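Peer 1: next one to model:
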Amino acid sequence: MPLRRVLIPKLTTGLPVPNQHARFELHWEGRSMGTSWRVTAFGDGLAASRCHEIGAGINARLDSVVRQMSHFDPDSDLSRFNRAAAGSIVQLPQELFRVLRCGIEIANATCGWFDPTLGAASALWGFGPEPVAAFPAEATIMAVIERCGWQKLQLDSGRCAAYQPGGLQLNLGGIAKGFAVDYVLEWLRHCGLDSALVEIGGELAAFCVKPDGTPWWVALENPPSAVSLLPETVVALADCAVASSGDWMQRRWVGARLVTHLIDPTTGTPYEGCVAGATVIHESCMIADAWATALCVAPPSLGMRLAEWYGLAARIVFRNSSAEIHEWLTPAMRTMAS
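Peer 2: Now for the predicted structure:
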């Protein structure tokens, strides 16, 4: 097993180097969406003089994502949809609609292994706005899963609206952070910065290379139990994104059972399979985020076939019956290795 692996996406080749005046390195950081975020960028003197304004814009975009897509905020647009009466047509902000449309497209592509309508199932296990102490009854789980299902979410592009069939609960935890990364990156481009790296809770995206011509080097996260068993893998980010999901990232106790936030859409229960985590490299962090979630919960053989079929640059980390760790890389990711 190599000690270190370097992945160089084809997207990083032939990119323009920032202009000679982009010598100011700018930093912003904070907390949003229940996690930390950091931005590093390079720009010229004018960009440096607008540092406070640019930072305020970053915060405004992140606040907008929370205001629209948080299932913890009772006043969010998502919560408003979740509370809507059966048969309602709910008008949505453009950004939320954009994320839902992408979520439905990936749900279709993954045969439902990514499903943005599992809010009620997630809440049963304490990953919603209300605390949960007891293990839910089987009848309760079955009743909740009957209310879920991405096929029930009908979108109206003309009106930027969604149909609430009754009791459908959205949870965008598997895609919203990725969208937020892309959304912030759009703002930085709009501000005229020459190069930037955005990280929100472990999801990352970058545009252009740094002034010295080097890409933004980032390390893939390995499961804690596999740090010494898998190679350290670093990715050259420039005009692309990387997102990861894993059963160790968010866990909590429900009674005497430690459960993951990843929900099996076929059972409405926390995932308990052999996949420990997945990573996807893509032009869009939103798409990478959703696919990484799907590859974590899909049956391993199906996940591998889907990742290959769609030409994804992906890595899946497995545990075997003896709790040993191994990994599988798609052909698209293997071609990046050097």
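
Peer 1: give me the secondary structure label for the most centrally placed residue in the chain.
Peer 2: Centroid check for the chain by C-alpha atoms, centre = their mean gives residue 289 as the closest residue, at 2.9 Å. Three-state assignment for residue 289 (DSSP: H, G, I helix; E, B strand; the rest coil): helix.

Peer 1: so where's this protein uncertain?
Peer 2: Low-confidence regions of the chain, defined here as pLDDT under 70, cover residues 1-2, 11-21, 225-228, 338.

Peer 1: now the helices: where do they sit in it?
Peer 2: 45-49, 51-69, 77-83, 94-109, 119-124, 138-147, 176-190, 285-297, 300-309, 331-334 (DSSP state H).

Peer 1: returning to that earlier point: for residue 186, see how far away the residue nearest to the centre of the chain is.
Peer 2: Plainly put, residue 289 is 16 Å away from residue 186 if you go by C-beta to C-beta, to the nearest Å. All C-beta spots, glycine's among them, are computed from the backbone N, C-alpha and C.

Peer 1: ok, residue 267 next?
Peer 2: Taken as C-beta to C-beta, the span from residue 267 to residue 186 is 37 Å.

Peer 1: please apply the same query to residue 315.
Peer 2: Computed with C-beta to C-beta, the distance linking residue 315 and residue 186 is 27 Å.

Peer 1: the more surrounded of the two?
Peer 2: More neighbours surround residue 315 than the other of residue 315 and residue 186, with 27 against 13 (other C-beta atoms under 10 Å).

Peer 1: give me the nearest residue to the more buried one, chain neighbours excluded.
Peer 2: Counting by C-beta to C-beta, 6 or more residues apart in numbering, residue 315 lies nearest to residue 279, which is 4.7 Å off, once chain neighbours are set aside.

Peer 1: that neighbour bridge partners, please.
Peer 2: On the basis of DSSP bridges, residue 279 is bridged to residue 244, residue 315.

Peer 1: contact partners for it?
Peer 2: Taking C-beta atoms under 8 Å, 6 or more residues apart in numbering, we find residue 279 in contact with 220, 221, 242, 243, 244, 292, 314, 315.

Peer 1: and what of residue 263?
Peer 2: So residue 263 contacts 118, 121, 122, 125, 127, 269, 270, 271, 297 (C-beta under 8 Å, 6+ apart).

Peer 1: just list whatever residues bridge to it.
Peer 2: Beta-bridge partners for residue 263, by DSSP bridges, are residue 270.

Peer 1: tell me the domain ranges of the protein?
Peer 2: 1-15+214-338, 77-164 (automatic domain parsing).

Peer 1: can I get those domains in CSV including distance to residue 58?
Peer 2: Conversion of the domains of the chain to CSV gives the following (distance: least, C-beta to C-beta, whole Å):
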stretch, distance to residue 58
domain 1-15+214-338, 15
domain 77-164, 15
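
Peer 1: right, so of those, which gets closest to residue 60?
Peer 2: Proximity to residue 60 (C-beta to C-beta) singles out domain 77-164 among the domains of the chain, at 12.3 Å.

Peer 1: gap between the two ends of that closest one?
Peer 2: Using C-alpha to C-alpha, to the nearest Å, the gap from the first to the last residue of domain 77-164 comes to 13 Å.

Peer 1: with stretch 133-140 instead?
Peer 2: One end of stretch 133-140 sits 15 Å from the other (C-alpha to C-alpha).

Peer 1: list of residues touching that stretch?
Peer 2: Here stretch 133-140 makes contact (C-beta under 8 Å, 6+ apart) with 124, 125, 144, 254, 255, 257.

Peer 1: could you find the closest non-adjacent residue to the last one?
Peer 2: Distance criterion C-beta to C-beta, 6+ apart; nearest residue to residue 257, sequence neighbours excluded, is residue 135 at 6.6 Å.

Peer 1: next, give phi and psi for that neighbour.
Peer 2: Backbone dihedrals for residue 135, given as degrees, to the nearest 10, come out at phi -70, psi 130.
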